[in-house]
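What would the 3D arrangement of this be:
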Amino acid sequence: MTRPTAVLAIAACCSYPLLSHLGAATRDPLWPAGGIGLVAWALLSVPYPGFRAVLLGLLAFGLGVGLSVVFPGLLLFTPPVALNMALCAIFAITLRPDQEAMISRFARIEHGGELPPDLVRYTRVLTGLWAVFFAMMGMISVSLALWGSMNAWSLFTNLLNYLLVALFFALEYLYRRLRYRHYRHLSPGELLRRLHTYRIFPRHADGS
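Next up, the predicted model:
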C-alpha cells in the first residue's frame with residue numbers, strides 16, 4: 001500500500017463514527033452505509049489493491065443499503081455492538097491454553113524475540129482485560145440501544161467508546177513503563193511501524 005493510499009484508508013476508517021452519528025441524527029441509513037463502504041474499502045485495499053478494493057467497497061455499501069431497507073435501524077445499532085464483540089472474541093480466543101495471548105504477540109514484536117516470564121504473565125492478563133473491556137463496551141451499546149435515547153447511544157458509540165479505548169491504551173502504556181521500567185519499551189509510533197511483521201494467526205504458547 002502506498003503512503004497516500006494508507007492515509008486515505010486511515011481517514012476512511014476515522015470517518016465512520018461521524019457518518020454513523022449523522023445517520024443517528026437524521027435517521028437516514030445511507031450515512032452509516034457509506035461509512036461501512038469506506039471501511040470495507042480501507043480494509044480490503046491491503047489484500048486487494050486498486051480497483052478491486054473500490055469495487056468491493058461499493059458492494060459493501062450496496063449491501064448495507066439493501067439491508068437497511070429490509071431491516072430498518074440495522075446499520076445504526078448493529079456495527080458498534082458487532083465490532084466490540086468481535087474484538088472481545090479475537091482477544092479471548094487467544095487465552096486458550098494452547099495459544100499465545102494476543103498482547104503477548106504484540107510484545108514479541110516490541111521486544112524482538114522471546115518474552116521474559118514476567119512479561120508473559122502480564123501480557124496474558126492484559127489480553128483478558130482487553131477482552132472484558134470490549135465485552136463491556138458491547139453490553140453498554142446494547143443497553144443504550146434498548147433503553148437509552150438515540151442521542152445517548154450515538155454519543156457513547158461514536159465518541160465515548162473510542163475515547164475509552166484510547167484512555168485504556170494510554171493508562172496501560174504509562175503503567176507498563178513504570179512497572180516494567182527495567183525493560184526497553186518502544187513508543188506507540190515505533191510499535192506501529194513494526195506491525196508489518198505481525199502474524200494474524202495465533203502461534204502456540206510454546207512458540208512453534
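
what about the chain, any weak spots by pLDDT?
Along the chain, the model assigns pLDDT under 70 to residues 1-5, 46-47, 72, 111, 185-208.

how does it divide up, domain by domain?
Domain ranges of the chain: 1-71, 73-208, per automatic domain parsing.

how much space between Arg176 and Tyr183?
Arg176 is 9 Å from Tyr183, where distance means CB to CB, to the nearest Å. The way it works is simple: take the backbone N, C-alpha and C, and place the C-beta from them, glycine included.

Which secondary structure elements does the host helix or strand of Val39 sit against?
Val39 belongs to helix 30-44 when assigned by DSSP states H and E. Other elements packing on helix 30-44 under the criterion 3 or more CB pairs under 8 Å, 6 or more residues apart in numbering; DSSP states H and E are helix 3-26, helix 51-70, helix 74-93.

Would you check that Ile36 makes contact with Gly62?
No: using CB atoms under 8 Å, Ile36 makes no contact with Gly62, being 10.3 Å away.

These two: who's more crowded?
Ile36 (23 against 12; other CB atoms under 10 Å).

residues contacting that one?
By CB atoms under 8 Å, 6 or more residues apart in numbering, Ile36 lies in contact with Tyr16, Ala60, Phe61, Gly64, Leu75, Pro79.

need the contact list for the third one.
Phe61 makes contact with Ala33, Gly34, Ile36, Gly37, Ala40 under the criterion CB under 8 Å, 6+ apart.

Let's have those residues in a markdown table, adding distance to Gly50.
Formatted as a markdown table, the contacts of Phe61 follow (distance: CB to CB, whole Å):
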| residue | distance to Gly50 |
| --- | --- |
| Ala33 | 23 |
| Gly34 | 21 |
| Ile36 | 20 |
| Gly37 | 16 |
| Ala40 | 15 |
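
Can I have the buried ones of those residues as a ChimeraX selection?
Selection of buried members from these for ChimeraX, criterion 16 or more other CB atoms under 10 Å:
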select :33,34,36,37,40
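
Please name the nearest non-neighbouring residue to Gly34.
Leu19 (5.6 Å; CB to CB, 6 or more residues apart in numbering).

What of Ala107?
Thr123 (4.9 Å).
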